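J.: sequence first, then the predicted structure, then my questions.
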Amino acid sequence: MAMLRSIRRPKQSVADKLSQLSGSLAVLRHRDPPSSGRFRDYSVYGVSLRSQFVLPQFRATQEKRLPLIVISKSKSRLSSRSDDSSPWFFQENLDDGSIYLRWSSLFEFVVSADGHKIIARPLEKSSAEAFSTYLLGQVLSFALVKRGLESLHSSAAVVDGGCVGFLGDCGQGKSTLLASFVAAGYKQLTDDLLVLKPNASSVVAFPGPPRIKLMPNSAHLLGADGPSMNDLVQKKVISLGGTQVQQSPVRLRALYLLAQASNSEETKIAVLNGRKALLALVKNSFNVMINDRDRLKQQFAWAAAIASTVPVRTISYPRNLQLLPQVRAAILKDIETLPG
C-alpha cells in the first residue's frame, strides 16, 4: 500500500458533510462510477456492505442483513484543499476521529470514527474500475480496522479445500504467483487484501472481489485483459469467472512470505517461527497507518493468534514467468507436509 501523507484538516467535520449530501447543487463534470441513488446490499471479505454505488463484478444480494459498513455518495467537496496542490495520495485524521483520504484527481473519501460509514466522491479522472478497486482495498481497510477486523497484504489461492496466502510488499509478485495457480485450475480466494479471523483451533479466511490486478506481461498467464487501474500505473484489473473464484470462507492452511527475487533458478522454502513469524504478519498487515494504542493492541493479538496456529514460511524464487510452474510445484509439495 502506498505511503500516506498528512495534510491540513478539512474545515468541515463529517457531520457537516453528511448534512450537505442531499442539498448539494455541485455539478460533477467527470464520469462517475455507476450510482442510481438507491442503496444495494453486497457481501465481501465476510462483511455486509450497503452501497449507493453499483460495485462492478458483484451481484447485489437479496439477503437483507444489517450492514456493517454503509457507503454513500457526496456531490460536494469533502475537503477545502484544492486538488491542484495535492500530492498523489494523502491522509488526514480529523478531530472527530474520522479519516480523510484522497487520491489526486481520482477520488476522495471520509471514513467515520467507528468505521460504519464511508462517504465517497469520485473526481474528474475516476473510472468505475479504479473506484471499486481502491474503495474495496485501501479505503475499506480503514473501516475494517475501526470495526475490529484485521487483514494481511496478501493474495490467496484455494488448495485442497483450504487456502494458502502469499505475503509481500507491492511489486514482489503476490498477484502473479496467484495468477499461476488460477491458470493451473486452482481457485482464487482474494487478491491483495486477505481478511482473517482466528478461532480456537484454526484461522478462517474470507473471499475478496472476483478480480485480480496484474501487470500486462503477467496477465498473459490468464489469457485475459482488462482496464487499467489509473493513468499512472500499467496494472490491469481483470475480472474472473465464477469457476475461478472461491465464494465461501475456507480454513487458512499456510502463509508464504515472498523474499527478494533470487538470482538462482532454485525455489527455496524455509520455516519462519515464533517472534519472526509474528513480526512478519504485523509488518505485512494491509493497513499500517492506523497506529493508536488500541489498534496496535488489537493487531498484535490478532497476529499472535495466527502465528501460533498457522505455519508461516519464507519463499525465495526467481521472478521468471517461465519458471512459475516450478515454484508452484514446490509450494504444493510443501503443503503436503503440513498437518491436517
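T.: Yep, that arrived. Numbering: from 1, shown residues only.
J.: make it CA atoms for all contacts and neighbour counts henceforth
T.: OK.
J.: so for L338, what's the pLDDT?
T.: Predicted confidence (pLDDT) for L338: 89.
J.: and V195, how many residues sit next to it?
T.: The number of residues packed near V195 is 24, by other CA atoms under 10 Å.
J.: mind checking pLDDT for Q172?
T.: Turning to Q172, the model gives it a pLDDT of 91.
J.: I meant to write K197 there.
T.: 97.
J.: pretty sure it is touching V250, no?
T.: No - using CA atoms under 8 Å, K197 is not in contact with V250, being 10.7 Å away.
J.: so what's K73 up against?
T.: Contacts for K73 (CA atoms under 8 Å, 6 or more residues apart in numbering) come out as L21, Q52, F53, I119, A120, R121.
J.: name the nearest residue to it, sequence neighbours excluded.
T.: Excluding the flanking residues, the one nearest K73 by CA to CA, 6 or more residues apart in numbering is A120, at 5.1 Å.
J.: surely that neighbour is in a strand?
T.: Yes - per DSSP: H, G, I helix; E, B strand; the rest coil, A120 lies within a strand segment.
J.: how close does it sit to N320?
T.: For A120, the distance to N320 equals 39 Å [CA to CA, to the nearest Å].
J.: have a look at those two and say which one is more surrounded.
T.: Taking neighbours as other CA under 10 Å, A120 and N320 compare with A120 leading, 26 against 11.
J.: so what's the more buried one bridging to?
T.: K73, F109 (DSSP bridges).
J.: quick one: it and E108 touch, right?
T.: Yes - here A120 reaches E108: they are 6.0 Å apart, a contact under CA under 8 Å.
J.: packing partners of the helix or strand hosting S51?
T.: Assessed by DSSP states H and E, S51 sits inside strand 47-53. Other elements packing on strand 47-53 under the criterion 3 or more CA pairs under 8 Å, 6 or more residues apart in numbering; DSSP states H and E are strand 35-44, strand 69-73.
J.: TSV for those, including mean pLDDT?
T.: What follows is those, written out as TSV (pLDDT from 0 to 100):
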stretch	mean pLDDT
strand 35-44	84
strand 69-73	97
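J.: out of those strands, which is closest to D169?
T.: Nearest of the helices and strands packed on strand 47-53 to D169, taken as CA to CA: strand 35-44 at 23.0 Å.
J.: helices or strands up against the closest one?
T.: Contacting strand 35-44 under the criterion 3+ CA pairs under 8 Å, 6+ apart are the following elements: strand 47-53.
J.: quick check: longest helix in this protein by residues?
T.: The longest helix of the chain (DSSP state H) is helix 293-307.
J.: run the chain-centre distance for that one.
T.: 19 Å (CA atoms, centre = their mean, to the nearest Å).
J.: ok, which stretches of the chain are helices?
T.: 14-20, 128-134, 140-146, 174-183, 216-219, 274-283, 293-307, 324-335.
J.: CA atoms only: put the shortest one into CSV for me.
T.: Once non-C-alpha atoms are left out, helix 216-219 reads as follows in CSV (Å, rounded to 0.1, in the frame of the first residue of the first chain):
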residue,chain,number,x,y,z
PRO,A,216,0.3,-6.8,-18.7
ASN,A,217,3.0,-9.5,-19.0
SER,A,218,1.5,-11.4,-16.0
ALA,A,219,-2.0,-11.1,-17.4
